[in-house]
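Novice: I need the structure of the sequence given here:
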Amino acid sequence: MSSFLLILFIVALIAFQSFTGYKQNKYLGAIIPVVFCAIVLYLMMMTDYHWNLRNIVMPMIGLASFIGIYNAGSESKNKKLQQELDKMKAKDSMKK
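Specialist: Below is the predicted model of the structure:
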């Protein structure tokens, strides 16, 4: 059951990050990356952290993923707006 909750939590994080990108709210979009960085720094300082390639690269990949998800949501919104503008221009040109 805990695996299901973990997957549900990850899906919720991805959905929230995508939603904030779609709404293009930079402050809400920064919440998850900042909390992620804080958790990584906390784990580095408070645990027996081994400095190997995996422990350095994985947090960077996680942070890049959250930023990419936000960017994908933002691009989706921009694409939708552009399609609506194209439809409006097409209707305007037909009226003339």
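Novice: now N78, what's its secondary structure?
Specialist: helix (DSSP: H, G, I helix; E, B strand; the rest coil).
Novice: distance check, it against P33.
Specialist: Distance, N78 to P33, by CB to CB, to the nearest Å: 21 Å. C-beta coordinates here come from the backbone N, C-alpha and C atoms, glycine included.
Novice: looking at these two, which has the bigger crowd around it?
Specialist: P33 (18 against 12; other CB atoms under 10 Å).
Novice: so what pLDDT did that one get?
Specialist: Listed pLDDT for P33 reads 93.
Novice: next, count neighbours for the nearest residue to it once chain neighbours are set aside.
Specialist: Excluding the flanking residues, the one nearest P33 by CB to CB, 6 or more residues apart in numbering is F66, at 4.7 Å. By the measure other CB under 10 Å, the count of residues near F66 is 22.
Novice: so what touches the strand or helix carrying L6?
Specialist: Assessed by DSSP states H and E, L6 sits inside helix 2-23. With contacts defined as CB atoms under 8 Å, 6 or more residues apart in numbering, helix 2-23 is touched by 28-29, 31-32, 66, 69-77.
Novice: now do the helix or strand following it: which elements does it pack against?
Specialist: As assigned by DSSP H and E, the chain's next helix or strand after helix 2-23 is helix 26-29. On a contact count with 3 or more CB pairs under 8 Å, 6 or more residues apart in numbering; DSSP states H and E, helix 26-29 meets helix 2-23.
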